[in-house]
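1. The following block contains a protein sequence and its predicted model.
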Amino acid sequence: MNFLAHIYLSFGDDEITIGNFIADSIKANKYKHLPDRIQKGILLHREIDTYTDTHPIPRVSSKRLHQNYSHYSRVIVDIFYDHFLAKNWKQYSETPLEIFVDKFYDLLEDNYTILPDGTKRMIPYMISDNWLLNYAQMDGISRVLSGMNRRTNNKSKMNFAILDLEKNYEAFEVEFTDFFNELVVFSKQKYTSICEY
C-alpha cells in the first residue's frame with residue numbers, strides 16, 4: 001500500500017503513524033534508536049506490506065499491468081489503491097480528507113528532527129504539491145506516476161499507467177474495495193497485538 005493507506009491504517013495513533021510512514025526509509029533493524037511506539041509503527045507497516053504482497057486480490061490487479069510494467073506493476077497498484085481510498089474517503093472516515101491530511105502534515109513538522117534524511121527531503125514536495133489530497137483526482141495520480149517514472153530515469157514508463165487506470169477503472173476499484181475491507185480488519189488486529197502492549 002502507498003502513503004495514504006499506511007497513514008490511515010495507523011488508526012489515529014500519532015507515534016504509530018510516524019513509524020508506519022517512515023518505514024520504507026528504514027533498512028533492516030536500523031530503527032532501534034527510535035522511540036518504542038515509532039518502532040512498533042515500522043513493524044506494523046511491514047506486516048501490512050507482507051499481507052498485501054501475498055494477498056490474491058492485489059496480485060490480480062498487478063497481473064493486469066505486468067506485461068507493460070514488469071516488476072513496477074505492484075508499485076503502480078499501490079498508487080492506484082491510494083487513489084480509490086482518497087476518492088472514496090467518506091466511506092472510511094468521518095474526518096474530511098483535507099482535515100486528515102493537514103493534521104498529518106502538522107505531525108510530520110512536529111516530529112521533523114527524528115525523521116530519516118530521505119523522508120526529510122521528500123516532505124517539502126509532498127506538502128507543497130499536497131500529494132495526499134490530490135490522490136483523489138486523476139490528474140493528481142497522473143503527476144505521481146510521472147514523478148515515479150522520472151525517478152527510474154524513464155525506464156519504468158509508469159507515466160503511461162494512467163491510461164491503464166482509465167481503461168480498467170471499475171475493475172481496479174472493485175479489487176481495491178474488496179481487498180481494503182479485509183486489510184482494515186487485518187491491520188486492526190496487528191495494531192492491537194503489536195502496538196497496544
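-> On my side now, so go ahead.

2. Give the other helices and strands that whichever helix in the chain runs longest contacts.
-> Using DSSP state H, we find that the single longest helix of the chain is helix 169-195. If you count contacts as 3 or more CB pairs under 8 Å, 6 or more residues apart in numbering; DSSP states H and E, helix 169-195 packs onto helix 36-54, helix 56-69, helix 73-87. Every residue, glycine included, has its C-beta placed from N, CA and C.

3. what about that helix, average pLDDT?
-> Mean per-residue pLDDT for helix 169-195: 96.

4. do the same with stretch 95-107
-> Stretch 95-107 carries an average pLDDT of 96.

5. What are the buried residues along it?
-> 97, 100-101, 104, 107 (16 or more other CB atoms under 10 Å).

6. now stretch 142-151
-> 142-146, 148-149.

7. What about those residues, which are in strands?
-> Among the buried residues of stretch 142-151, none falls in strands (DSSP state E).

8. Turn those residues into JSON lines, including pLDDT and distance to Phe80.
-> Output for the buried residues of stretch 142-151, formatted as JSON lines (pLDDT from 0 to 100; distance: CB to CB, whole Å):
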{"residue": "Ser142", "pLDDT": "94", "distance to Phe80": "12"}
{"residue": "Arg143", "pLDDT": "92", "distance to Phe80": "14"}
{"residue": "Val144", "pLDDT": "91", "distance to Phe80": "10"}
{"residue": "Leu145", "pLDDT": "92", "distance to Phe80": "9"}
{"residue": "Ser146", "pLDDT": "92", "distance to Phe80": "15"}
{"residue": "Met148", "pLDDT": "89", "distance to Phe80": "12"}
{"residue": "Asn149", "pLDDT": "91", "distance to Phe80": "15"}
